[in-house]
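Colleague: 3D, please:
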Amino acid sequence: MIGPEDRAPRNPERFPRTWRQRALLAPLTRGLKIWYRPRVHGLDGVPMDRPVVYVAKHPRGYLYLEVILLGFLTFWESGRLPFRAMERRGTSLHRIPGLSWLRRHVGTIEATEEAGLAALRGGESVLVFPGGTRELYGPEDQLDWSGRLGFARLSTLAEAPVVPVAIAGADQQHPFRLALGRRSSLWLPPFPLPVPLDYWFGTPLTPPKTAEPELLAAFAREASAAASALLGRAVLLRRPLLGGA
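Modeller: Numbers count the residues shown, from 1 in each chain. I've put the predicted structure just below:
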């Protein structure tokens with residue numbers, strides 16, 4: 001059960017559908033569908049009427065275009081609840097003109113438990129990249145969620161199922177990485193290649209009833225194994241770079 005100390009305020013502002021999104025971002029995303037030629041697998045298994053915690057490998061890139069397209073496919077077109085991508089705030093990416101505007105207007109929220117609970121209890125889903133920068137700068141198509149329990153705790157406190165997501169092709173958008181330090185990179189080419197993307201949605205996983213550490217750890221391992229298996233299958237069945245639909 002959720003105690004009073006765990007309760008967060010309901011999200012005061014539901015996911016916005018502003019004129020900027022309708023006039024600018026929706027046409028941009030329709031253009032991304034032409035660019036990426038996405039295919040969707042397993043979306044029918046995602047609940048239509050309740051928030052979920054989407055979990056996925058962090059893509060090796062910085063533009064978030066595959067994430068924007070994910071949002072368009074999961075709720076703008078399908079009618080499911082919108083999701084808020086959770087991200088670190090105050091990074092160098094948020095100071096890049098244009099990119100900072102884009103991130104502000106696609107409904108991202110700060111990667112904190114309070115913000116995540118507010119979204120989920122306000123009737124919205126969230127998207128979490130448990131591996132974070134480990135996967136951003138790590139090997140292609142490999143998960144690394146060891147020791148990451150935040151998403152499991154968030155799911156448990158909000159009583160929201162976890163839905164593993166795999167985006168096959170996301171790590172092949174920028175074939176070259178120029179390291180600029182331990183936690184910084186220049187991705188090349190700067191604009192992603194037109195890699196066909198395949199979005200796979202796994203079976204929703206029910207969180208434990210209580211947020212006891214051992215239960216959260218076991219649930220996190222279960223979700224990690226499911227997401228890793230889903231990604232492995234997605235990569236195995238992935239289309240070639242310039243393949244057809």
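
Colleague: Show me where the protein has its strands.
Modeller: 39-41, 53-56, 83-87, 109-110, 125-128, 162-168, 176-179, 185-188, 198-201 (DSSP state E).

Colleague: so which of these comes closest to Ala152?
Modeller: Nearest to Ala152 among the strands of the chain is strand 162-168; the distance by Cβ to Cβ comes to 7.5 Å. All C-beta atoms are positioned from the backbone trio N, CA, C, and that covers glycine.

Colleague: Verify the contact between Tyr199 and Phe72 for me.
Modeller: No. Look at Tyr199 against Phe72 with Cβ atoms under 8 Å: they stay out of range, at 10.7 Å.

Colleague: of those two, who's got more company?
Modeller: Tyr199 (24 against 20; other Cβ atoms under 10 Å).

Colleague: Bridging across strands, which residues link to that one?
Modeller: Tyr199 has these beta-bridge partners by DSSP bridges: Val40, Ile167.

Colleague: can you pull the pLDDT of it?
Modeller: For Tyr199, the pLDDT comes out at 97.

Colleague: ok, it - contacts?
Modeller: Pro38, Arg39, Val40, His41, Leu43, Leu70, Leu73, Val165, Ala166, Ile167 (Cβ atoms under 8 Å, 6 or more residues apart in numbering).

Colleague: For it, give its distance to Leu70.
Modeller: From Tyr199 across to Leu70, the span is 6 Å (Cβ to Cβ, to the nearest Å).

Colleague: what do the two both touch?
Modeller: What both Tyr199 and Leu70 touch, as defined by Cβ under 8 Å, 6+ apart, is the set Val165, Ile167.

Colleague: Now do the biggest helix by length in the chain against strand 162-168, angle only.
Modeller: For the chain, the longest helix by residue count, based on DSSP state H, is helix 213-236. When axes from the mean of the first three to the mean of the last three Cα atoms, to 10 degrees is applied, the directions of helix 213-236 and strand 162-168 differ by 30 degrees.

Colleague: list the helices and strands helix 213-236 packs on?
Modeller: strand 53-56, helix 150-158, strand 162-168, strand 198-201 (3 or more Cβ pairs under 8 Å, 6 or more residues apart in numbering; DSSP states H and E).

Colleague: residue contacts, the residue nearest the centre of the chain?
Modeller: Against the mean C-alpha coordinate of the chain, by Cα atoms, centre = their mean, the closest residue is Leu127 at 4.0 Å. The contact partners of Leu127, taken as Cβ under 8 Å, 6+ apart, are Tyr54, Val55, Ala56, Val67, Leu70, Phe83, Arg84, Ala85, Met86, Val165.

Colleague: got CSV for these, with distance to Asp144, pLDDT and neighbour count too?
Modeller: Below are the contacts of Leu127 laid out as CSV (distance: Cβ to Cβ, whole Å; pLDDT from 0 to 100; neighbours: other Cβ atoms under 10 Å):
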residue, distance to Asp144, pLDDT, neighbour count
Tyr54, 18, 98, 24
Val55, 13, 98, 29
Ala56, 13, 98, 29
Val67, 19, 92, 23
Leu70, 21, 94, 25
Phe83, 22, 91, 26
Arg84, 23, 91, 26
Ala85, 19, 92, 21
Met86, 17, 93, 23
Val165, 16, 98, 24
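
Colleague: just curious, which of these is nearest to Glu212?
Modeller: Once Cβ to Cβ is applied, the member of those that ends up nearest Glu212 is Val55, at 20.2 Å.
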